[in-house]
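> Using only what follows, build the 3D model:
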Amino acid sequence: MIQRIQTIFIFLATLITGVLFFVPLADISAAGQIYIFKVQGVMLNEEIIYNGIPIMLFLGIIVLLHLVAIFMYKKRIRQMRILTFLIILLLGLFGIFYYFTYASFENETIAFKISVSFPLVAIILDYLAIRNIGKDEALIRSLNRIR
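Numbers count the residues shown, from 1 in each chain. All right, here's what the predicted structure looks like:
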């Protein structure tokens, strides 16, 4: 059933990760200049210094898999597996953020934005969805035993 609470959790996780396409993630101060780190890459005055295509692809896959998970409501076990895989991908997204911020420059000062915590919120929402899907699956299996 698409109107369950886990669908809301997955939808909110999709929205939160989708917002990452549009907001800056960090400000990097290096060599007397301030670079802006977005999903599109590291930018200086709207000019891309380091290309962020790997992050964009990774984030696109995460958003797409969230959308797929929403419509897998009839196959609960597969939906739980997709969400578990998404948690692993979101943890990998943190690694990519780390690589792009710290490996880009030497002697830099980094000021992270609140949007860096969005994948963590999505991980929590995915976990809550997995828990509720598990409860639904247990309920349905218990009803099958009664018959």
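> looking at the chain, which helix or strand does the model trust least?
strand 47-51 (a mean of 81; mean pLDDT, DSSP states H and E).
> What are the buried residues along that one?
Ile49 (16 or more other CB atoms under 10 Å). All C-beta spots, glycine's among them, are computed from the backbone N, C-alpha and C.
> So for the helix or strand encompassing Arg141, what gets flagged as buried?
Using DSSP states H and E, Arg141 maps to helix 118-146. Across helix 118-146, burial judged by 16+ other CB under 10 Å covers 118-119, 122-123, 125-126, 128-130, 132-133, 136.
> Just send those back as CSV, with pLDDT and distance to Phe21 too.
Shown next, in CSV, are the buried residues of helix 118-146 (pLDDT from 0 to 100; distance: CB to CB, whole Å):
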residue, pLDDT, distance to Phe21
Phe118, 91, 11
Pro119, 91, 13
Ala122, 93, 14
Ile123, 94, 18
Leu125, 94, 18
Asp126, 93, 19
Leu128, 93, 23
Ala129, 91, 22
Ile130, 91, 25
Asn132, 89, 27
Ile133, 84, 27
Asp136, 80, 31
